[in-house]
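Q: Here is my input, please return the structure:
(6 chains)
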4 protein chains.
Amino acid sequence: MEFKDKQSIYLQIADYICEQIVLGQWPPGERILSVRDLAASLEVNPNTVMRAFEFLQTKGIIMNKRGIGYFTAENAPELILAFRRERFLETELPELLKTMYLLNISMEELQKRYNLFIAEEFPVKA
Amino acid sequence: MEFKDKQSIYLQIADYICEQIVLGQWPPGERILSVRDLAASLEVNPNTVMRAFEFLQTKGIIMNKRGIGYFTAENAPELILAFRRERFLETELPELLKTMYLLNISMEELQKRYNLFIAEEFPVKA
Amino acid sequence: MEFKDKQSIYLQIADYICEQIVLGQWPPGERILSVRDLAASLEVNPNTVMRAFEFLQTKGIIMNKRGIGYFTAENAPELILAFRRERFLETELPELLKTMYLLNISMEELQKRYNLFIAEEFPVKA
Amino acid sequence: MEFKDKQSIYLQIADYICEQIVLGQWPPGERILSVRDLAASLEVNPNTVMRAFEFLQTKGIIMNKRGIGYFTAENAPELILAFRRERFLETELPELLKTMYLLNISMEELQKRYNLFIAEEFPVKA
DNA sequence: GTGGTCTAGACCACC
DNA sequence: GTGGTCTAGACCACA
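A: Numbering: from 1, shown residues only, chains lettered A, B, ... in the order given. Sure thing, here's the model as predicted:
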């Protein structure tokens, strides 16, 4: 997996995990890959994965069973969507709209790109 | 001026300068406030303003005349918009569309919020 | 390490790093000394080394891995030689030729001095 | 006249004056353009020209007659060539030779470029 | 441990 | 007056 420069890796990993959960790849209530396995598959330091897990645990999205591993919460998908919705509406959206205004990007163009994006990335639903 | 925590101050200053240029407050080819003056008005250390200037100079948005000061480039507005457009289309937009998909936010809702935003922030044009 | 007065220290450090890379002392793709260690060994402030690193990073000669350190780019030697060649041909050489003309220095004399220089500085190759 | 970034303007002006003298454009013992005239023609601040004059005066290349202006010394061309020769041999040449070695530029190529340069810049002598 | 940022303050060359 | 560089020292997030 490749990481962006501008955001810390552990947060990008946390986002990745959330995405997998929301997309149904990691069912609620089930055990997650171990820290070292995930670290190996992502090619990062285990400490970094650990931090992502701890971060998600504080949010209640995953929880730890001592000596066994981490498990996704039963309501993990709902929790994640709620957090993300909040972040989107309160911080990302205002910046987006401002940028669209400054760059003079129309809603029509956005709509067109949205259709393209869906067709490419999630062809199943489309 | 107040600064956010999540981004470094000097980059926020650079963004601020770009915004002033794009909005036509600082005309192309004109002299910018001196490092010291801008630092005083923003209440930061001159070194921090200096970093912002250096950053913008490497982008070709402003340039230095020895012993006199910094000047906005003649094509500064176009340059800034080009940079921002590239960043938007290549990194911000994909994230946005993905989030919209995950959160199941419709284009109609986005349109509604855009109209609201324009009415509030830039009532003149609206 | 000793520094000249006429050029800023951080640029001299950048030059020094480039020289080490070109001469094969610091292999491409390998980790560089940490900012603090290099600063200590050169007896300068860490900030000064940091500036040199930032400068080289913008040139693509070195790159950063978060929390780990700086690494020389795989194509660093080629990049450096390309930059240097360009600078030499476009700015240094014209001045040199002009000076030689004004001073009435012949190519023969230059050749003689070149042979002497090689014999002294790089006796292995010679 | 256009100036390079890396060297101070007043020194570039001093070099320009020296060049004119050596090339015979400004005869020894004659009066030089006034500070303000030269400043106007070079499009720089008169103070900057003043500094160049003062610098050349300390070298004995030009001298001031109060209330009249600056005059080139009778032995100006010889003085200039002596200074320039020293600078060339002691500082410029070693760097040049090192660069040539690193860039693997042969004397033959240098000779070729020298011939080209002479033909272009000083066709009279050629 | 790593880099990154910021401040405070000094000193410099230059226009 | 202008920018430019350097130091010292602090604090932070990150791996």
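Q: Tell me the spacing between residue A:91 and residue B:99.
A: From residue A:91 across to residue B:99, the span is 11 Å (Cβ to Cβ, to the nearest Å). Yep, even glycine has a C-beta here, placed from its N, CA and C like the rest.
Q: before we move on, what about residue A:114?
A: Distance of residue A:114 to residue B:99, computed by Cβ to Cβ: 11 Å.
Q: Common neighbours of the two, please.
A: Residues touching both residue A:114 and residue B:99 do not exist when contact is defined as Cβ atoms under 8 Å, 6 or more residues apart in numbering or on different chains.
Q: neighbours of residue A:17, just the number please.
A: Per other Cβ atoms under 10 Å in any protein chain shown, the neighbour tally for residue A:17 reads 26.
Q: Verify the contact between it and residue A:26 for me.
A: Yes: counting by Cβ atoms under 8 Å, residue A:17 touches residue A:26, with 7.4 Å between them.
Q: I'd guessed residue A:103 sits against residue B:81; true?
A: Yes: counting by Cβ under 8 Å, residue A:103 touches residue B:81, with 6.4 Å between them.
Q: Where does the residue nearest in space to the middle of chain A sit, in terms of helix or strand?
A: Nearest to the mean C-alpha position of chain A, by Cα atoms, centre = their mean, lies residue A:15 at 2.6 Å. Residue A:15 is located in helix A:9-22, with elements delineated by DSSP states H and E.
Q: could you check the angle helix A:9-22 makes with the helix or strand just after that helix?
A: With elements assigned by DSSP H and E, the helix or strand that comes after helix A:9-22 is helix A:35-42. Between helix A:35-42 and helix A:9-22, the angle formed by their directions is 100 degrees, by axes from the mean of the first three to the mean of the last three Cα atoms, to 10 degrees.
Q: Let's see the following helix or strand past helix A:35-42 as CSV, backbone CA atoms only.
A: Tracing the chain past helix A:35-42, the next element assigned as helix or strand by DSSP H and E is helix A:46-58. The C-alpha atoms that make up helix A:46-58 are tabulated as CSV, following Å, rounded to 0.1, in the frame of the first residue of the first chain:
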residue,chain,number,x,y,z
PRO,A,46,4.0,-2.8,13.6
ASN,A,47,4.1,0.2,16.0
THR,A,48,2.4,2.2,13.3
VAL,A,49,-0.4,-0.3,12.9
MET,A,50,-0.7,-0.5,16.6
ARG,A,51,-1.3,3.3,16.8
ALA,A,52,-4.0,3.0,14.2
PHE,A,53,-5.7,0.3,16.3
GLU,A,54,-5.4,2.3,19.4
PHE,A,55,-6.9,5.3,17.6
LEU,A,56,-9.9,3.3,16.4
GLN,A,57,-10.3,1.8,19.8
THR,A,58,-10.7,5.2,21.4
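Q: Tell me which residues are up against the helix or strand just after helix A:46-58.
A: The element immediately downstream of helix A:46-58 (helix or strand, assigned by DSSP H and E) is strand A:62-65. Counting by Cβ under 8 Å, 6+ apart, the neighbours of strand A:62-65 from elsewhere in the structure are A:17, A:32, A:53, A:56-57, A:70-73, A:76.
Q: Parallel or antiparallel, list what pairs with strand A:62-65.
A: Within its sheet, and counting by DSSP bridges, strand A:62-65 is paired with strand A:69-72 (antiparallel).
Q: Quick one: name the residues of chain A near chain B.
A: A:4, A:19, A:22, A:81, A:84-85, A:88, A:92-94, A:96-103, A:105, A:107, A:110-111, A:113-114, A:117-118, A:121-122 (Cβ under 8 Å from any Cβ of the partner chain).
Q: Where does pLDDT dip in chain A?
A: Flagging of chain A using pLDDT under 70 yields the residue ranges A:124-126.
Q: From the centre of it, point out the most distant residue.
A: Going by Cα atoms, centre = their mean, the residue of chain A most distant from its centre is residue A:104, 29.2 Å out.
Q: quick one: contacts of the helix or strand residue A:111 falls within?
A: Element membership for residue A:111, per DSSP H and E: helix A:107-121. Taking contacts as Cβ under 8 Å, 6+ apart, the residues outside helix A:107-121 that touch it are A:100, A:125-126, B:93-94, B:97-98, B:100-101, B:107, B:110-111, B:114.
Q: that older thread, could you pick out the buried ones from the residues of chain A next to chain B?
A: A:22, A:81, A:84, A:88, A:93, A:96-97, A:99-100, A:102-103, A:105, A:110, A:113-114, A:117-118 (16 or more other Cβ atoms under 10 Å in any protein chain shown).
Q: so who does the residue of chain A found nearest DNA strand E touch?
A: Using Cβ to the nearest atom of the strand, the closest approach of chain A to DNA strand E is made by residue A:5 at 8.8 Å. Going by Cβ under 8 Å, 6+ apart, residue A:5 touches residue C:66.
Q: That one should be in a strand, yeah?
A: No: read with DSSP: H, G, I helix; E, B strand; the rest coil, residue A:5 is coil and lies in no strand.
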